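Participant: For reference, the sequence and a predicted model appear below.
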Amino acid sequence: MGKGASSLSEGVMKKILLSYAYVGIWIFLSFTVIVYNKYILDRKMYNWPFPISLTMIHMAFCSSLAYLLVRVLKLVEPVAMSRELYISSVVPIGALYSLSLWFSNSAYIYLSVSFIQMLKALMPVAVYSIGVLFKKDTFKTDTMVNMVSISVGVAIAAYGEARFDSWGVILQLGAVAFEATRLVLIQILLTSKGITLNPITSLYYVAPCCLGFLFIPWIIVEFPVLKQNSSFHLDFVIFGTNSLCAFALNLAVFLLVGKTSALTMNVAGVVKDWLLIAFSWSVIKDTVTPVNLVGYGLAFLGVAYYNHSKLQALKAKEAQKKAAQADEEAGRLLQEREGEGSGRRTESQG
């Protein structure tokens, strides 16, 4: 008995430690990509303010590596994807992903890392609102009140922002809206059809699509400026390691969600945001005002309550599923016993 309990506790402890390891890896890589992108794009740091070009470099790198893993090395099996399904499902998702990445990277030129993380607290609000709009989620008054409290907190944080830039805020809010729509469309267009993409197959199908969509604004907006700036030479160490970090982050997301849950990533995201705010204030020397912290604190409480509500809903759904399985098992056993009893009565009559 003691040995069984010991092995059980060891197994549980191993799972907990692995979960913390997945969370730690994801936080580290997400943290690294955000700070690295800020370093490259900020005019006061590396001073390469070309967000479309940076996003295209990421997508080209990820497309090439995904193709190598899927088609050349055959380490990952491709998904059965018809041309019609690709055009109707993957293309819209790729378009939204390209816009989300372009706008979010552009925001780093105008806003501090800390303030961007505060604005990202609006993601649950955007996902829930768009989910209700597309009828993937049901409208609930208490959930909407929660969403309003998060929005109020972010508004207070914005009011107290020392480096407030209207254009930067519009870009970041646009990025949140595009990303939230993309997440809802993944559920509608892919998950509902029974198609699940891991990060390698996701990049294999989506990254080239993103590259194509980004090429049009790049030709119009950034290519003429880069052409004039002939003295610039691409630093393969900087951009290579930056792209590798972006690719690794995609793998870390799959690892975290696949081995734990999307809810765990949401909770870990809150921890990452606080760490980034602290890093932005202490290392990058961004100004973080008391009003910023009060506003984000309110938004943080709203997000924490939202995550708690989702966890309770998941537990209730799991309990209901187990109860239904138990009822089904009990019904089956009862039928078997009734069948045995009927057989015995027939034998005794004979």
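Facilitator: Sure, I can see it.

Participant: What's the per-residue pLDDT of Glu318 here?
Facilitator: We note a pLDDT of 76 for Glu318 in this prediction.

Participant: Gln172 now?
Facilitator: 96.

Participant: What of Gln335?
Facilitator: Here, the pLDDT recorded for Gln335 equals 75.

Participant: can you check the one 10 residues further on too?
Facilitator: Per-residue confidence for Arg345 comes out at a pLDDT of 57.

Participant: What of Leu133?
Facilitator: 91.

Participant: ok, so what distance separates it from Leu183?
Facilitator: Counting by C-beta to C-beta, to the nearest Å, the separation of Leu133 from Leu183 is 13 Å. Any C-beta I mention is one placed from the backbone N, CA and C, and that applies to glycine too.

Participant: Mind checking which of those two has more residues around it?
Facilitator: Leu183 (19 against 12; other C-beta atoms under 10 Å).

Participant: From His233, how far off is that one?
Facilitator: Relative to His233, and taking C-beta to C-beta, Leu183 is found at 38 Å.

Participant: How about Ser129?
Facilitator: 45 Å.

Participant: and if you look at Glu179?
Facilitator: For Glu179, the distance to His233 - C-beta to C-beta - is 33 Å.

Participant: So these two - more neighbours on which side?
Facilitator: Glu179 (21 against 6).

Participant: Contacts for the helix or strand where that one lies, please.
Facilitator: Using DSSP states H and E, Glu179 sits within helix 166-185. Applying C-beta atoms under 8 Å, 6 or more residues apart in numbering, the contact partners of helix 166-185 are 92-93, 96-97, 99-104, 106-107, 109-111, 116, 119-120, 122-123, 126-127, 129-131, 134, 136, 158.

Participant: By neighbour count, sort out the buried ones in those residues.
Facilitator: The neighbour-count test (16 or more other C-beta atoms under 10 Å) marks 92-93, 96-97, 99-104, 106-107, 109-111, 116, 119-120, 122-123, 126-127, 129-131, 136, 158 as buried among those.

Participant: how about low-confidence regions in this protein?
Facilitator: 1-9, 230-232, 257-258, 261-263, 338-350 (pLDDT under 70).

Participant: What are the boundaries of the helices in it?
Facilitator: Under the criterion DSSP state H, helices of the chain are mapped to 2-41, 51-67, 83-85, 91-110, 113-119, 123-133, 141-159, 166-185, 199-217, 223-228, 236-259, 262-282, 290-349.
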